[in-house]
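*Asks:* only geometry, no sequence info:
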């Protein structure tokens, strides 16, 4: 039977992956929801206006939206389907995207209800990453603890 930590990581990876595939797709195409796609276009226009440095670098609102949407879809697919360490890389990239999205929302003065989802999913990504990293560190701790116990037992035997 799988450990609770493994079940948690798999469940979070799958749920977060599907969410980001869905949200990235909404940013890239109106096929899922024309209203949501239109809203994304409008929002990214306001982000681009608030960051004049993007225009100087040749990044338009359309390009910014497509970059973030593509990153979300690609990382969502990795979180959902790819095993191993690439999930942690995708998790980290999505966390950076969420921080950028929070920055954009703050920059244009959006109310909390417009970016609450980014806060929640940023926290979930952080939790998933911490749990995944914790499970990697744990076997080493257990081995070193066992070594300490064995060394103490050997010292007791020598003293006897």
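*Replies:* Done, it's in. Nothing here was measured: the structure is a model prediction, and the numbers come from that model.
*Asks:* got any ranges where this protein has weak pLDDT?
*Replies:* 135-145, 158-160 (pLDDT under 70).
*Asks:* all helices for it, in order.
*Replies:* Using DSSP state H, the helices of the chain run over 4-28, 34-50, 52-56, 61-81, 86-108, 112-159.
*Asks:* ok, residue 59 - contacts?
*Replies:* 48, 67 (CB atoms under 8 Å, 6 or more residues apart in numbering). To be clear about C-beta, it is placed using only N, CA and C from the backbone, and glycine gets the same treatment.
*Asks:* roughly how far does it sit from residue 149?
*Replies:* 57 Å (CB to CB, to the nearest Å).
*Asks:* in TSV: the helices of the chain, plus mean neighbour count.
*Replies:* Formatted as TSV, the helices of the chain follow (neighbours: other CB atoms under 10 Å):
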stretch	mean neighbour count
helix 4-28	18
helix 34-50	15
helix 52-56	10
helix 61-81	19
helix 86-108	18
helix 112-159	12
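*Asks:* for residue 1, give its distance to residue 14.
*Replies:* 18 Å.
*Asks:* now do residue 150
*Replies:* Counting by CB to CB, the gap from residue 150 to residue 14 is 40 Å.
*Asks:* ok, residue 82 next?
*Replies:* In terms of CB to CB, residue 82 sits 12 Å off from residue 14.
*Asks:* now do residue 149
*Replies:* 38 Å.
*Asks:* now swap in residue 73 and tell me
*Replies:* For residue 73, the distance to residue 14 - CB to CB - is 15 Å.
*Asks:* can you check residue 58 too?
*Replies:* Counting by CB to CB, the gap from residue 58 to residue 14 is 37 Å.
*Asks:* contacting residues for the spatially closest residue to residue 105 that is not a sequence neighbour?
*Replies:* Leaving aside its sequence neighbours, residue 105 sits nearest to residue 115 (CB to CB, 6 or more residues apart in numbering; 3.8 Å). Residue 115 makes contact with 101, 102, 105, 106, according to CB under 8 Å, 6+ apart.
*Asks:* how far off centre is stretch 97-114?
*Replies:* 16 Å (CA atoms, centre = their mean, to the nearest Å).
*Asks:* what does that stretch contact?
*Replies:* By CB under 8 Å, 6+ apart, stretch 97-114 touches 46-47, 50-51, 68, 71-72, 75, 115, 118-119, 121-122, 125.
*Asks:* apart from its chain neighbours, what residue comes closest to residue 47?
*Replies:* residue 104 (4.4 Å).
*Asks:* perfect, I'm done here.
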